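In: how would this look folded up:
(chains A, B, C and D)
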There are 2 protein chains.
Amino acid sequence: MIAQSFCNLFQILLIMINKIWGFRMAKPTLVDVGEEAGVSAITVSRALRSPEKVSDSMRAKVEAAVKKLGYVPNQSASTLASSKTNSIVVMIPSISNNVFTDVLAGITEALKDTRLTLQIGNTGYDPQEEERILRSFLNPAPTGVILAGLEQTAETRKMLASVGVPVVQIMDLGDQPIGKIVGFSHEDAAVAGTRHLLENGYRNIGFLGAQMDPRSQKRLAGFQRAMREVGLLQEHAIAVTNRPSDVQQGATLFNKLVRRFPDCDAVFCNNDDLALGVLFECQRRGISVPDDFGICGFNDLGTTSECVPKVTSVRTPLRQIGMVAGQMINKGEMTETGITVDLGFEISERESTRRKI
Amino acid sequence: MIAQSFCNLFQILLIMINKIWGFRMAKPTLVDVGEEAGVSAITVSRALRSPEKVSDSMRAKVEAAVKKLGYVPNQSASTLASSKTNSIVVMIPSISNNVFTDVLAGITEALKDTRLTLQIGNTGYDPQEEERILRSFLNPAPTGVILAGLEQTAETRKMLASVGVPVVQIMDLGDQPIGKIVGFSHEDAAVAGTRHLLENGYRNIGFLGAQMDPRSQKRLAGFQRAMREVGLLQEHAIAVTNRPSDVQQGATLFNKLVRRFPDCDAVFCNNDDLALGVLFECQRRGISVPDDFGICGFNDLGTTSECVPKVTSVRTPLRQIGMVAGQMINKGEMTETGITVDLGFEISERESTRRKI
DNA sequence: TTGAAAGCGCTAACAA
DNA sequence: TTGTTAGCGCTTTCAA
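Out: Below you'll find the model as predicted:
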């Protein structure tokens, strides 16, 4: 109680100080700026939003007044009046997954020098949660929406259609886009990674996967396709979990795999964390990489190019995906819906698959 | 042009479909819900915001109408009318730095089951940029503000004071808090890490640092203090860069260090990326860790506990920092300003410093 | 417990 | 080029 009333005193003091110094507690509005500059509020608004529609002298007066009063526009009022936001909504499955932070970095870069603001939603890999969050972000309608993956609920699609904002789905490819799609083929990428292992002489190849979201499933499918094509797909070649991916999981899954599939001589990993985990476990068990065992990662996020031996990985265009998606929203055309941009991938070939044959 | 008009046609089609299906394009408002339920708009508002102030029968009617129309509140209107937001602003230096995504995860967790929404600002380690972004986020006033670090500009402090929202500074400790502080002592943590190396028999210890923000500087100061205390601080023991931290930098800085300081037998690293980079470079150069060289990382972000040998690191309470800060804002008391919460740290002792003496 | 009136700060549409 | 008027959808205040 004492702390409380002491705090109140403090607040009152603050107010007094501000009064003495001539600050106003209430934030200045367009009207205040207008009075200061001797013009109407709407002129101030125009001077700020579309300077070209206002005479030079007017603009100078307004700018001076804005500066003097420390005017900052009230976003809510602007949004309410114009039914236009300057925010773009990005829904990602997890903010602690580097894959998505790379994408976010790309979006951020594309939106630099733009009035657009990012609003990030964390879906936790759950389409229902995506729907719930998105619903609350859709009123008022944002400038655009970027969605990771293609697995939106029917209700989400309906919402998005009725709101009518530009939508970009990223990370994957598919027919039936909501708006536009920017991504790459996870299945093809996995096929390429698996073939790379095959070309380097590995035959008993396993697949390791954590966080088995739909894109991971596609990678698994690609692995299976590539192996089946050459008649080498083994029954016990696959070890997956739905838990989040981390380095430790790599070791765990590796051990699970080789227990059931002792002849295994290489793994294609769902992502780089797992690949690193496998490398470390091989080191612990005295398994020589790449001669005894080959490793291929996915996403090529960084560490794979530094460890010993360096680990081959499928490089995916995460940052570009973000940049392209951001630019699409920024250009903001609703036109040409249905466009799909395939940004491809490439194999970053390194020591972990360079077997001496 | 053709694509354009084709698109217009498509839009019209969409509208027609929606009409036929009985959807309205315009989002329903409180008035619409009120009409549907046979009550006034304000009653609907109350039924949603403070259900206890409304009779049970009324609430049921309103809820049914809300559901039927798919009503979603307009945030901007709500905010404008009440001058209250349900957003909390978090300013972090970089969204691609795992340190901050861990903190964000903590905040997110604290805010689960809350109406509060996260608004994230990326400062790029620049207080001026922080000021600029924050200014635009401060009107209308958010429910609370969380700031990484203590290095706000004078202008930022003034803004924050005049807006009067709860402020929590995180990641560090200091006197002169804007509101509350949640963090740990970077200097003490570095002292502890350095002493740990000393206790394990290392004598010619170096310091590696990337992204030398103020907290990194404090870690450096801690290292210097611990070394000076025992009279072992060498002139060339420090290799730092202002570039972003990554595994590759670890190797680069390590090479720079040992060139100038050949007797060096251990490093205290500014963070885990660098520590990993050093480990890998040692492997490449045939330097045995921990016997020939000791390594201590910082933050204990994950991979250090899996690599071979496992790397000692100073574990910092990143997630908790986020959770505590989030809870503080959520409780939302402006009272008890000036509180500082020191969440401490601990040494995760592992193989990389376990020298056989 | 419910409702009527007023207005939050801004911008669209129109007028001068 | 500038100003006037009328809301945007909601909540506050006050009255019933």
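In: so what's whichever residue of the stretch 251-357 of chain A sits closest to DNA strand C closest to, chain neighbours aside?
Out: DNA strand C sits closest to residue A:332 of the stretch 251-357 of chain A, with a gap of 14.4 Å, by CB to the nearest atom of the strand. For every residue, glycine as well, the C-beta is placed using N, CA and C. Distances taken as CB to CB, 6 or more residues apart in numbering or on different chains put residue A:166 closest to residue A:332, at 5.9 Å, once the chain neighbours are dropped.
In: any idea how far the one you found is from DNA strand D?
Out: To DNA strand D, residue A:166 is 20 Å away according to CB to the nearest atom of the strand, to the nearest Å.
In: domains for chain A, by residue range?
Out: Domains of chain A are assigned by automatic domain parsing as A:25-73, A:83-183+A:319-342, A:186-315.
In: Who are the contact partners of residue A:176?
Out: residue A:150 (CB atoms under 8 Å, 6 or more residues apart in numbering or on different chains).
In: Please apply the same query to residue A:184.
Out: A:172, A:173, A:316, A:317, A:321, A:342, A:343, A:344, A:345.
In: give me the number of residues near the second one?
Out: When neighbours are counted by other CB atoms under 10 Å in any protein chain shown, residue A:173 registers 20.
In: Residue A:175 too?
Out: Neighbour count for residue A:175, taken as other CB under 10 Å: 8.
In: Equivalent analysis for residue A:32, please.
Out: A count of neighbours around residue A:32, defined by other CB under 10 Å, yields 17.
In: just the one 3 residues further on next, same as before
Out: The number of residues packed around residue A:35, counting by other CB under 10 Å, is 16.
In: Show me what the strand or helix carrying it is packed against.
Out: Element membership for residue A:35, per DSSP states H and E: helix A:30-37. With contacts taken as 3 or more CB pairs under 8 Å, 6 or more residues apart in numbering or on different chains; DSSP states H and E, helix A:30-37 sits against helix A:41-49, helix A:56-69.
In: Restrict the helix or strand just after the last one to CA atoms and write it as PDB.
Out: This points to helix A:56-69. Once the chain leaves helix A:56-69, the next helix or strand it forms, by DSSP H and E, is helix A:75-82. The C-alpha trace of helix A:75-82 is given here as PDB (Å, rounded to 0.1, in the frame of the first residue of the first chain):
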ATOM      1  CA  GLN A  75      -2.000   4.500 -36.200                       C
ATOM      2  CA  SER A  76      -5.400   3.300 -35.000                       C
ATOM      3  CA  ALA A  77      -7.100   6.400 -36.000                       C
ATOM      4  CA  SER A  78      -5.500   6.400 -39.400                       C
ATOM      5  CA  THR A  79      -6.400   2.700 -39.900                       C
ATOM      6  CA  LEU A  80      -9.900   3.200 -38.800                       C
ATOM      7  CA  ALA A  81     -10.500   6.100 -41.000                       C
ATOM      8  CA  SER A  82      -9.000   4.700 -44.100                       C
END
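In: Show residues contacting whichever helix or strand comes after helix A:75-82.
Out: Later in the chain than helix A:75-82, the nearest helix or strand by DSSP H and E is strand A:87-92. With CB under 8 Å, 6+ apart as the test, strand A:87-92 has contacts from A:100, A:103-104, A:107, A:111, A:116-123, A:130, A:133-134, A:137-138, A:142-148, A:326, A:329.
In: Those also near DNA strand C: which ones?
Out: When CB under 7 Å from any atom of the strand is applied, no member of those is adjacent to DNA strand C.
In: Would you mind listing what in the stretch 51-200 of chain A touches DNA strand D?
Out: A:53, A:54, A:55, A:57, A:58, A:77, A:80, A:81, A:83.
In: Of those residues, grab the buried ones for PyMOL.
Out: To isolate the buried ones among these in PyMOL, judged by 16 or more other CB atoms under 10 Å in any protein chain shown, type:
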select buried, chain A and resi 54+58+77+80
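In: Considering only helices and strands, which part of chain A has the lowest mean pLDDT?
Out: Lowest mean confidence among the helices and strands of chain A (mean pLDDT, DSSP states H and E): helix A:2-21, at a mean of 42.
In: nearest spatial neighbour of the residue nearest to the spatial centre of chain A, skipping sequence neighbours?
Out: Centroid-nearest residue in chain A: residue A:100, 3.5 Å away (criterion: CA atoms, centre = their mean). Take residue A:100 and drop its neighbours on the chain: the residue closest to it by CB to CB, 6+ apart is residue A:92, 4.3 Å away.
In: ok, the one you found to residue A:105 distance?
Out: 12 Å (CB to CB, to the nearest Å).
In: Give me the more crowded residue out of those two.
Out: Legend: neighbour count by other CB under 10 Å for residue A:92 and residue A:105, higher for residue A:92 (25 against 18).
In: And the more buried one, what's its pLDDT?
Out: The per-residue pLDDT reported for residue A:92 equals 97.
In: and it, what are its bridge partners?
Out: Assessed by DSSP bridges, residue A:92 has beta-bridge partners residue A:122.
In: Check the average confidence over the helix or strand harbouring residue A:222, would you?
Out: Using DSSP H and E, residue A:222 maps to helix A:214-229. The average of the pLDDT scores along helix A:214-229 is 98.
In: List the buried residues of that helix.
Out: By neighbour count on 16+ other CB under 10 Å, the buried set for helix A:214-229 is A:214, A:215, A:216, A:218, A:219, A:220, A:222, A:223, A:224, A:226, A:227.
In: which residues sit in contact with the last one?
Out: Think residue A:227. Residue A:227 neighbours (CB under 8 Å, 6+ apart): A:194, A:205, A:233, A:234, A:237.
In: can you check residue A:232 too?
Out: The contact partners of residue A:232, by CB under 8 Å, 6+ apart, come to A:198, A:203, A:204, A:205.
In: what about the first one, how many neighbours?
Out: What that stands for is residue A:198. Residue A:198, neighbours per other CB under 10 Å, totals 18.
In: Test my guess that it contacts residue A:226.
Out: Yes: using CB atoms under 8 Å, residue A:198 is in contact with residue A:226, at 7.1 Å.
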